[in-house]
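> Sharing a model prediction with you, sequence too.
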Amino acid sequence: MIPDQPTPNNSAELTRRTTGSAAWLILVRLASKGIDFVSLLVLAKLLTPADFGVIAIAMTLVLMIEAVFELPVSQVLVSMPVVTKGHIDTAFTLSALRGIALAAMLWILAIPFASFYQDPRLALLIGILSLAPVMRGMISPKMSFFVKRLDFRRELVLDIGNKIVTLILSSWAAWLFRDYRALIVGIIVSPLTVVVLSYAFAPYRPRFSLGNWSDFSGFVGWTTLSQFLSALNWQCDRLLLGRFVTRAELGNYSLANDLSFIPEQALIKPIVRPLLSAFSLIGDDLDRLRSAYQKASSSILAVGLPLMLGLSLLADPAVHFILGSKWIAAIPTLKWLSLTLIPPLFISPFPSLAMAKGRFDLILRQTASDSASKIPLMAIGALFFGIPGAIGARAISSLITATFALYYISKIIHEPITRQLFSIWRIVLSGLVLVVVLLALRPLLDGESGLMLGVRLLAVSLLGLASYSVSLLVLWALVGRPAGFEQLVLGRMTALLPTRAAAH
């Protein structure tokens, strides 16, 4: 048995750890995405949209294959009440074999893939990039112990250290090569740094063994189809656009897509991650589960909505100030892609809720509904309308997927869809106030450039955020506290879920 694996044994302890883990996760994501953003700015200044485009196509295949054959061995270790040395060795073996198999598969597909896109460079690129999943499969499996204890401090150091090393080396490569090879350096260096740091934090002597395979096989089996569909949903836009638009156009789309996801990755994901533990604590008490879900959902929307609206409305001056005139073509894409990410905010806690209740079938159904709408729409949109068609396909499919998820949520917590939507009316109304204020202040940014544009952009952003916050506070005072607002104000997005459960 592996020692030193204490887990929370009461609600007060779980509350404390959930609060701490949420804070660490948000800190990790903010710092990590801040470094990613700096790296993106440096590379965008030194490279061209075409450079980003060719790497985007190659990485589409790598990420799809890697996601389809994902083995959630870390999650299995976290979920086990007792973890033995045999479990650790089996987890390492499965991850390592998966990485090697993925590299072999990518080498086999590299030449046909390059031929399909009529770009010979892709074959060698894919072969080099296949090293990334191999290295990710070598990460120390003992890192899962820290997740099991809701201790994310080492994850902070590991992630930040990785990002800093990647930033330095990829920036040096960009200055030296001035082409897409700099992006390759960053993609390869990142997992290598993570592997090295993981063994520094969680020492482990690798040993190949499949003696405990039976403890992993059941968990791995049900996720395969869901992962396959998720991978297609995730990469189908770039996969299709790479065939129908130029490399420069795809590079602009790829950069805009990465920028639009920064708020979600930096703030929303850290809030969502501890929710599985919080929902599981509540158990079968339907009233408390319903209340907890509403609080979590409204809090996530309250944080994400102003960020997505602001990014859409201020995309033009932001791109001019941050990236320069070379990336002007990415502005319309960034505006509309940011808006397509709003519907998913309404249902962000759904996977955690479904897993806590053992309804894995609903996660698969929701993923399948996303595939059934997004892939055909994306194929038609990309073929006939290019990037605008792809954006339209994403918008329609995100609305369809959110609708299905709201229905599945109603089946779990017995809360009608209309009531789910009505519960967040204060946030939506405050978002409209933000839109009005930003549109009114937008002319102040016209004709400006350089430092003055940056100063005015910051001032307009802060005024918009202030109007949104004041609107929420006024509505709170006039009609009562909205669900989840206390978490938003106090910065305890998920910590109150177990607290409320204990209070009952």
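It's in.

> surely residue 330 meets residue 260?
No. Using Cβ atoms under 8 Å as the test, residue 330 is too far from residue 260 to be in contact (10.3 Å). The way it works is simple: take the backbone N, C-alpha and C, and place the C-beta from them, glycine included.

> Please identify which of these two sits among more neighbours.
Using other Cβ atoms under 10 Å as the criterion, residue 330 and residue 260 rank with residue 330 on top: 26 against 22.

> How about residues contacting stretch 341-357?
Stretch 341-357 is touched from outside by 260-261, 264, 268, 271-272, 275-276, 279-280, 289, 293, 296-297, 300-301, 304-305, 308-309, 360, 362-363, 366, 398-399, 401-402, 405-406, 408-409, 412-413, 420-421, 424, with contacts defined as Cβ atoms under 8 Å, 6 or more residues apart in numbering.

> quick one: terminal-to-terminal distance for it?
26 Å (Cα to Cα, to the nearest Å).

> how far is that stretch from where the chain is centred?
On the basis of Cα atoms, centre = their mean, to the nearest Å, stretch 341-357 sits 13 Å off its chain's mean C-alpha point.

> any idea of the mean pLDDT in that stretch?
Mean pLDDT, computed over stretch 341-357, is 87.

> Number the chain from 300, please
Renumbered: residue one is now 300, and that last one reads stretch 640-656.

> on that earlier part again, now which of the contacts of stretch 640-656 would you call buried?
Among the contacts of stretch 640-656, those buried by neighbour count (16 or more other Cβ atoms under 10 Å) are 559-560, 563, 567, 570-571, 574-575, 578, 588, 592, 595-596, 599-600, 603-604, 607-608, 661-662, 665, 697, 700-701, 704-705, 707-708, 711-712, 719, 723.

> where does the stretch 650-799 of the chain dip in pLDDT?
Residues of the stretch 650-799 of the chain meeting the criterion pLDDT under 70: 779-799.

> try 50 this time
The model of the stretch 650-799 of the chain has pLDDT under 50 over residues 781-799.

> quick one, helices of it?
Here the stretch 650-799 of the chain has its helices, by DSSP state H, counting those that start in this stretch, at 659-712, 716-721, 724-740, 749-778, 784-789, 795-802.

> With the stretch 400-549 of the chain instead?
Applying DSSP H, counting those that start in this stretch to the stretch 400-549 of the chain gives helices spanning 420-428, 430-435, 443-447, 452-476, 480-500, 513-543, 546-562.

> Kindly format the C-alpha coordinates of the first one as PDB.
The one in question is helix 420-428. Only the C-alpha atoms of helix 420-428 are listed here, as PDB (Å, rounded to 0.1, in the frame of the first residue of the first chain):
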ATOM      1  CA  ARG A 420       6.100  19.700 -44.800                       C
ATOM      2  CA  LEU A 421       3.400  18.200 -42.700                       C
ATOM      3  CA  ALA A 422       4.800  14.600 -42.900                       C
ATOM      4  CA  LEU A 423       8.100  15.600 -41.100                       C
ATOM      5  CA  LEU A 424       6.300  18.000 -38.800                       C
ATOM      6  CA  ILE A 425       3.900  15.300 -37.600                       C
ATOM      7  CA  GLY A 426       6.800  12.900 -37.100                       C
ATOM      8  CA  ILE A 427       8.600  15.400 -34.900                       C
ATOM      9  CA  LEU A 428       5.500  16.400 -33.000                       C
END
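
> Could you give the average pLDDT over that helix?
Helix 420-428 shows a mean pLDDT of 91.

> I'd like to know which elements it is packed against.
Applying 3 or more Cβ pairs under 8 Å, 6 or more residues apart in numbering; DSSP states H and E, one finds that helix 420-428 contacts helix 348-367, helix 384-415, helix 480-500.

> Buried residues, the longest one. List them.
Meaning helix 384-415. 386-395, 397-398, 401-402, 404-405, 408-409, 412-413.

> What is the burial count for residue 735?
Residues near residue 735, counting by other Cβ under 10 Å, number 12.

> That one and residue 436, how far apart?
Residue 735 sits 51 Å away from residue 436, taking Cβ to Cβ, to the nearest Å as the criterion.

> Residue 769: neighbouring residues, count only.
Using other Cβ under 10 Å, residue 769 is surrounded by 12 other residues.

> Residue 609 too?
Residue 609 has 22 neighbouring residues, counting by other Cβ under 10 Å.

> With the one 5 residues further on instead?
Using other Cβ under 10 Å, residue 614 is surrounded by 22 other residues.

> Please name the residues that touch it.
Counting by Cβ under 8 Å, 6+ apart, residue 614 touches 630, 633, 634, 637.

> Could you export the helix or strand containing residue 644 as CSV, CA atoms only?
Following DSSP states H and E, one finds residue 644 within helix 641-645. Written as CSV, here are the backbone C-alpha positions of helix 641-645 (Å, rounded to 0.1, in the frame of the first residue of the first chain):
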residue,chain,number,x,y,z
ILE,A,641,-21.2,32.0,-24.0
PRO,A,642,-23.8,29.2,-24.3
PRO,A,643,-21.4,26.6,-22.9
LEU,A,644,-21.1,28.8,-19.8
PHE,A,645,-24.7,28.0,-18.9
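
> follow-up on the earlier one: can you list the helices of the stretch 650-799 of the chain in a markdown table and add distance to residue 646?
Output for these, formatted as a markdown table (distance: least, Cβ to Cβ, whole Å):
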| stretch | distance to residue 646 |
| --- | --- |
| helix 659-712 | 4 |
| helix 716-721 | 9 |
| helix 724-740 | 14 |
| helix 749-778 | 21 |
| helix 784-789 | 18 |
| helix 795-802 | 17 |
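
> Tell me which of those helices sits nearest to residue 509.
Minimum separation from residue 509 across the helices of the stretch 650-799 of the chain (Cβ to Cβ) falls at helix 659-712, 24.3 Å.

> What is that closest one packed up against?
helix 513-543, helix 546-562, helix 585-612, helix 630-639, helix 641-645, helix 649-655, helix 716-721.

> picking that back up, distance to residue 613 for the helices of the stretch 400-549 of the chain - can I get that in a markdown table?
What follows is those, written out as a markdown table (distance: least, Cβ to Cβ, whole Å):
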| stretch | distance to residue 613 |
| --- | --- |
| helix 420-428 | 34 |
| helix 430-435 | 34 |
| helix 443-447 | 36 |
| helix 452-476 | 25 |
| helix 480-500 | 27 |
| helix 513-543 | 24 |
| helix 546-562 | 12 |
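
> out of the ones you listed, nearest to residue 336?
Across the helices of the stretch 400-549 of the chain, residue 336 has its closest neighbour in helix 546-562 (6.4 Å, Cβ to Cβ).

> between that closest one and helix 659-712, how big is the angle?
Put simply, helix 546-562 runs at 40 degrees to helix 659-712, going by axes from the mean of the first three to the mean of the last three Cα atoms, to 10 degrees.

> tell me the angle of helix 546-562 relative to helix 348-367?
Following the same axes, to 10 degrees, one obtains 60 degrees for the angle between helix 546-562 and helix 348-367.

> Quick one: residues in contact with helix 546-562.
Contacting residues not belonging to helix 546-562 are listed as 332, 335-336, 339, 343, 347-353, 355-356, 418, 536-537, 540-541, 544, 603, 606-607, 610, 622, 626, 628-630, 632-633, 636-637, 640, 685-686, 689 [Cβ under 8 Å, 6+ apart].

> Show me which of these are buried.
Buried, going by 16+ other Cβ under 10 Å: 332, 335, 339, 343, 347-353, 355-356, 418, 536-537, 540-541, 544, 603, 606-607, 610, 622, 626, 628-630, 632-633, 636-637, 640, 685-686, 689, out of those.

> follow-up on the earlier one: nearest to residue 761 among the contacts of residue 614?
Relative to residue 761, and with distances defined as Cβ to Cβ, the nearest of the contacts of residue 614 is residue 637, at 18.7 Å.

> how far away is that closest one from residue 535?
Counting by Cβ to Cβ - residue 637 and residue 535 are separated by 19 Å.
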